[in-house]
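Novice: have a look at this prediction, sequence included:
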Amino acid sequence: EAGVTQFPSHSVIEKGQTVTLRCDPISGHDNLYWYRRVMGKEIKFLLHFVKESKQDESGMPNNRFLAERTGGTYSTLKVQPAELEDSGVYFCASSQPGRGNTIYFGEGSWLTVV
Amino acid sequence: GEDVEQSLFLSVREGDSSVINCTYTDSSSTYLYWYKQEPGAGLQLLTYIFSNMDMKQDQRLTVLLNKKDKHLSLRIADTQTGDSAIYFCAEADTGFQKLVFGTGTRLLVSP
């Protein structure tokens, strides 16, 4: 069974440009999450989808970040325009509610804004 | 708000036991998790414990939970060089839909 997959794995863009990160959750998982870790800090929650609906977007830092999950399958996270402080690792995770609520993470998309 | 704290660094010799500690503040946490991140890789779920349990053992891993003191620990028996990684403690909120992570403990295992 395929795990959570993210694309691109690494991206280097200039300040002011746009980047779109993609996440494919584990097949059948209704819950999809985005987290990020900026340099030296904790891994922070960004938002949570249940199917195609945003359940909780309290962690989104500002309106330069836009997340979508069309059809309740894959999700994209767009950063426009990117700023230097957006550099970090963006993790996607998915889960299916149940005992343990096991949340599986992808490999992360490593973003560097220069 | 919730807060999770971990020591930043732990160094052990191969074959020794490693104990990574974590404290949290949210008394209503439902599940507590340990994730491992190897260099350049993603987050790998190692184990989790439900808040009504005191201990969980899984092969070389033992998780101890002291709910009164809000203290969680991960013990790795017979630590190997391949265990060198960053270990993250995380708690799930009451709806267990959002994880709050600690800063991570970097474990270095020397031969």
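Specialist: Structure received.
Novice: show me what contacts the residue lying closest to A:Gly106 once chain neighbours are set aside?
Specialist: In space, and not counting its chain neighbours, A:Gly106 is closest to A:Val4: 3.7 Å by CB to CB, 6 or more residues apart in numbering or on different chains. (Each C-beta comes from the backbone N, C-alpha and C, glycine too.) By CB atoms under 8 Å, 6 or more residues apart in numbering or on different chains, the contact set of A:Val4 is A:Cys23, A:Asp24, A:Pro25, A:Ile26, A:Cys92, A:Ala93, A:Ser94, A:Tyr104, A:Phe105, A:Gly106.
Novice: the fourth one: neighbour count?
Specialist: Meaning A:Ile26. Neighbours of A:Ile26 under the rule other CB atoms under 10 Å in any protein chain shown: 18.
Novice: residues of chain A that sit close to chain B?
Specialist: When proximity is defined by CB under 8 Å from any CB of the partner chain, chain A lies next to chain B at A:6, A:31, A:33, A:35, A:41-45, A:48, A:55-56, A:59, A:91, A:93, A:100-108.
Novice: again, only using 6 Å
Specialist: A:Glu42, A:Ile43, A:Phe45, A:His48, A:Gly100, A:Asn101, A:Phe105, A:Gly106, A:Glu107, A:Gly108 (CB under 6 Å from any CB of the partner chain).
Novice: got these as JSON lines, with neighbour count and pLDDT columns?
Specialist: Shown next, in JSON lines, are these (neighbours: other CB atoms under 10 Å in any protein chain shown; pLDDT from 0 to 100):
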{"residue": "A:Glu42", "neighbour count": "19", "pLDDT": "88"}
{"residue": "A:Ile43", "neighbour count": "24", "pLDDT": "94"}
{"residue": "A:Phe45", "neighbour count": "22", "pLDDT": "95"}
{"residue": "A:His48", "neighbour count": "23", "pLDDT": "94"}
{"residue": "A:Gly100", "neighbour count": "17", "pLDDT": "57"}
{"residue": "A:Asn101", "neighbour count": "19", "pLDDT": "67"}
{"residue": "A:Phe105", "neighbour count": "23", "pLDDT": "93"}
{"residue": "A:Gly106", "neighbour count": "23", "pLDDT": "94"}
{"residue": "A:Glu107", "neighbour count": "20", "pLDDT": "93"}
{"residue": "A:Gly108", "neighbour count": "25", "pLDDT": "94"}
